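>>> Mind looking at a prediction? Sequence and model below.
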Amino acid sequence: MSSVPDSGNYSRRTLVALMEDKPGVLGRVVNLFRRRNYNIESLSVGHSETPGISRMTVVVYGNDAVIEQVAKQLYKIVNVTKVSDISGEAAVFRELALLKVHAPSANRAEIKQLADIFRARIIDVYPESMVLEITGTEDKVDSLINMLRPFGIKELARTGRVAMVRGAGGAGGTGGGSR
């Protein structure tokens, strides 16, 4: 994954970065990962509660040394104001997925029953397909996908992980600091 020396203790890590909402910032962040040969498992960016500030949630695979290097490199990007590793924090992790499933009338009741079990919503219906929306943990999303595979998944779109630390702390709580 990277040239950062250290053996073992590699795991999926979730970083939250706050950055100015300006053109080109996301491109610089992605180039940083590309140049350092870090693999981004998922990346989600959107507006935050503060006008002009975006929140990026990125999932990478690494150990403490790799994550520390990633954070240092992110801070070098002028528009990044805070980076937090929330992997060990008490946090809420969610993902959204849209699934278009092959659904002729003979299979609709069974697909609807699966959607109900997983608390997914049917948001569009056509003669031969249905579009479902599910929000939840990655495991929950994966489970529904696996249950729907036998019907034929025609299309799948996933947001990647979004995360928020529980409690009174903001944007990563104690897992990092601002510049």
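Done, it's in.

>>> Per-residue pLDDT of the residue sitting nearest the centre point of the chain, please?
Nearest to the centroid of the C-alpha atoms of the chain, with distances taken as C-alpha atoms, centre = their mean, sits residue 161, at 1.9 Å. If you check residue 161, the pLDDT there is 93.

>>> do the same with residue 56
Residue 56 is assigned a pLDDT of 93 by the prediction.

>>> give me the number of residues near it?
Other residues lying near residue 56 total 21 when counted by other C-beta atoms under 10 Å. (Each C-beta comes from the backbone N, C-alpha and C, glycine too.)

>>> and if you look at residue 100?
18.

>>> which element follows the host helix or strand of it toward the C-terminus?
Residue 100 belongs to strand 91-102 when assigned by DSSP states H and E. Beyond strand 91-102 in the direction of the C-terminus, DSSP H and E gives the next helix or strand as helix 108-117.

>>> for that following helix, which positions count as buried?
Neighbour counts over helix 108-117 (16 or more other C-beta atoms under 10 Å) mark 111, 112, 114, 115 as buried.

>>> Now do the SS call for the residue lying closest to residue 64 once chain neighbours are set aside.
Closest residue in space to residue 64, ignoring its immediate chain neighbours: residue 9 at 6.7 Å, by C-beta to C-beta, 6 or more residues apart in numbering. Secondary structure for residue 9, judged by DSSP: H, G, I helix; E, B strand; the rest coil, is coil.

>>> Verify the stated contact: residue 9 with residue 63.
Yes: judged on C-beta atoms under 8 Å, residue 9 makes contact with residue 63 at a distance of 4.3 Å.

>>> Helices along the protein, start to end?
Per DSSP state H, the chain has helices spanning 25-35, 64-76, 108-117, 138-148. These are given in chain order.

>>> For residue 96, find the nearest of those helices.
When those are ranked by proximity to residue 96, the top entry is helix 138-148, at 8.1 Å, counting by C-beta to C-beta.

>>> now the angle between strand 91-102 and that closest one, please.
Between the direction of helix 138-148 and that of strand 91-102, the angle (axes from the mean of the first three to the mean of the last three C-alpha atoms, to 10 degrees) works out to 10 degrees.

>>> packing partners for helix 138-148?
Contact analysis of helix 138-148 by 3 or more C-beta pairs under 8 Å, 6 or more residues apart in numbering; DSSP states H and E lists strand 91-102, helix 108-117, strand 129-136, strand 153-158 as its packing neighbours.

>>> how does this protein divide up, domain by domain?
Residue ranges for the domains of the chain, per automatic domain parsing: 11-89, 92-162.
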